[in-house]
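**Q** One predicted model, sequence on top.
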Amino acid sequence: MQVNINLLQRKERSNRFFYFLLTAVCLFGLIFTALLFHTLQKTTANIQTVERQLKEMKQKNNDIRKQINISDRSSAIDKLEKIVQSAEKMPINTVDLLAKLTALLPEKARFQSLQYNGKQLLLEINVADDIDAAFYYKHLADAKWTKSVKLDSVTANRGEDSEFDTLPISYTAKYEIEIDRDQLKNEKTEGDS
């Protein structure tokens, strides 16, 4: 029997496929990490940009609200000045007329505009309820110093009105009033004596 004894070691085959696969996985891992880092940086930059734009928009919104408040106040003052100017131009005693109009005015109501063209008084008021507009019409029609009264319209104001903050809805009523000047003067002289 023959026995061969080889005392030389056999060379092991190097597993190139394993090393190639390990290198590929590490390479893909590095690429994935780099892409993830790049995406994270981009997202962070976008978030910062959006936050800055949001801050700028809030500032612009506040500036616009301040301008609206200022213009609302100035427009209310302008309306009041118009009423005073038109009242000064009237050929009748406006103090007595305004006193009588105000006496008939419902509790939660205010004048919005007043125009007198020599024949008719065009009156616009804000009231809390549409029934108040009807009651005011009735009181005006019953007054001795009016010849005729016409209720042109009653409109609901659904926006925020600074004078009616506690009321969700207010109404604007428009009246055309023909005034009996002689009766208005007579009532004034009777009231004085």
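**A** Noted; the coordinates are in hand. Numbering: from 1, shown residues only.
**Q** domain ranges for the chain?
**A** 16-89, 90-192 (automatic domain parsing).
**Q** Tabulate these in TSV, adding columns for distance to residue 1.
**A** Using the backbone N, CA and C atoms, a C-beta is placed for each residue, glycine as well. Formatted as TSV, the domains of the chain follow (distance: least, Cβ to Cβ, whole Å):
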stretch	distance to residue 1
domain 16-89	39
domain 90-192	114
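**Q** Could you tell me the least trusted of these?
**A** Lowest mean pLDDT within the domains of the chain: domain 90-192, at a mean of 81.
**Q** longest strand of the chain?
**A** What stands out as the longest strand in the chain, according to DSSP state E, is strand 146-157.
**Q** Show me what that one is packed up against.
**A** When contacts are defined as 3 or more Cβ pairs under 8 Å, 6 or more residues apart in numbering; DSSP states H and E, strand 146-157 sits against helix 130-142, strand 170-179.
**Q** Kindly calculate the angle that the last one makes with strand 146-157.
**A** So the one you mean is strand 170-179. Relative orientation of strand 170-179 and strand 146-157, computed by axes from the mean of the first three to the mean of the last three Cα atoms, to 10 degrees: 170 degrees.
**Q** Check the offset of strand 170-179 from the chain's centre.
**A** 26 Å (Cα atoms, centre = their mean, to the nearest Å).
**Q** got it, and the first one?
**A** Taking Cα atoms, centre = their mean, one finds helix 130-142 lying 31 Å from the centre of the chain it belongs to.
**Q** what's that helix packed up against?
**A** Against helix 130-142 (3+ Cβ pairs under 8 Å, 6+ apart) you get helix 94-104, strand 120-127, strand 146-157, strand 170-179.
**Q** same question, the last one
**A** The criterion is 3+ Cβ pairs under 8 Å, 6+ apart, and the helices and strands that strand 170-179 contacts are strand 120-127, helix 130-142, strand 146-157.
**Q** how close does the nearest residue to residue 128 once chain neighbours are set aside sit to residue 80?
**A** Among residues not flanking residue 128 along the chain, residue 108 sits closest, at 3.9 Å (Cβ to Cβ, 6 or more residues apart in numbering). Residue 108 sits at a distance of 19 Å from residue 80 (criterion: Cβ to Cβ, to the nearest Å).
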